[in-house]
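>>> Fold the following for me, if possible:
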Amino acid sequence: MVAIVDYGMGNIRSVLNALEALGAEGQLVSDASKLDGADRIILPGVGAFGDGMRHLDERGFTEGLPERVRSGTPLLGTRGFEHGEHPGLGLLAGDVVRLDPGSDLRVPHIGWNLVERRGESRLLGDEPDPTFYFVHSFQLHPDNPDVITGTTPYGFPVTAVIEDEQVLGCQFHPEKSQHDGLALLRRFLDL
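Next up is the predicted model:
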């Protein structure tokens, strides 16, 4: 069972549609106690990070999600980290910083971009030149740069994909990224 965390925010309908297109069944989970039967967990992102964390906490996810991940359930998180400094789930050490690509590029970064692999990637696989749809103003600078498995050029290499044991994440919207996005979600389902 693929649990989609329903915390009252995020692109839940788009994620459900993408899973359906892959022939997989996603189940909306709005209470952390219902994560127990999940083989995989998807946490759809949101621009208002502080509000998102508050909603997650109200539904018990700030404790329930880390427990499930530490017990071995893969988690795919997408997008997020805006509107103030707020504690996250504590699953990956690092800082989230505002994009500063230079004066000729706009923030937020919106549109289709190539993602370049950095070493092996369970999420990106071997497909040549994957492109994904981005809408973001921030990026993750992990304490361990080895977890970065994909970057996108936007004035400089921007963190696009991270993979650290059971915690996987992407800065773009795989559910809105057509063929390459569905291929990434398929690889996540097959982990």
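>>> Just confirm F188 contacts L124, I think it does.
No. At 10.9 Å, F188 and L124 do not qualify as touching, with contact defined as CB atoms under 8 Å. Just so you know, the C-beta spots here come from the backbone N, C-alpha and C atoms, and that holds for glycine as well.
>>> Now do the lowest-mean-pLDDT helix or strand in the chain: everything it contacts.
Across the helices and strands of the chain, mean pLDDT, DSSP states H and E gives its lowest value to strand 75-78, namely a mean of 79. For strand 75-78, the external contacting residues (CB atoms under 8 Å, 6 or more residues apart in numbering) are 11, 40-45, 65, 68-69, 91, 123, 166-175, 185, 188.
>>> which stretches of this structure form helices?
Here the chain has its helices, by DSSP state H, at 12-21, 49-58, 61-70, 178-189.
>>> nearest to D146, of those helices?
Nearest to D146 among the helices of the chain is helix 61-70; the distance by CB to CB comes to 18.7 Å.
>>> So L56 sits against G50, correct?
No. Between L56 and G50 there is no contact under CB under 8 Å: 10.8 Å.
>>> Which one's more surrounded, these two?
Legend: neighbour count by other CB atoms under 10 Å for L56 and G50, higher for L56 (23 against 15).
>>> No further questions, thank you.
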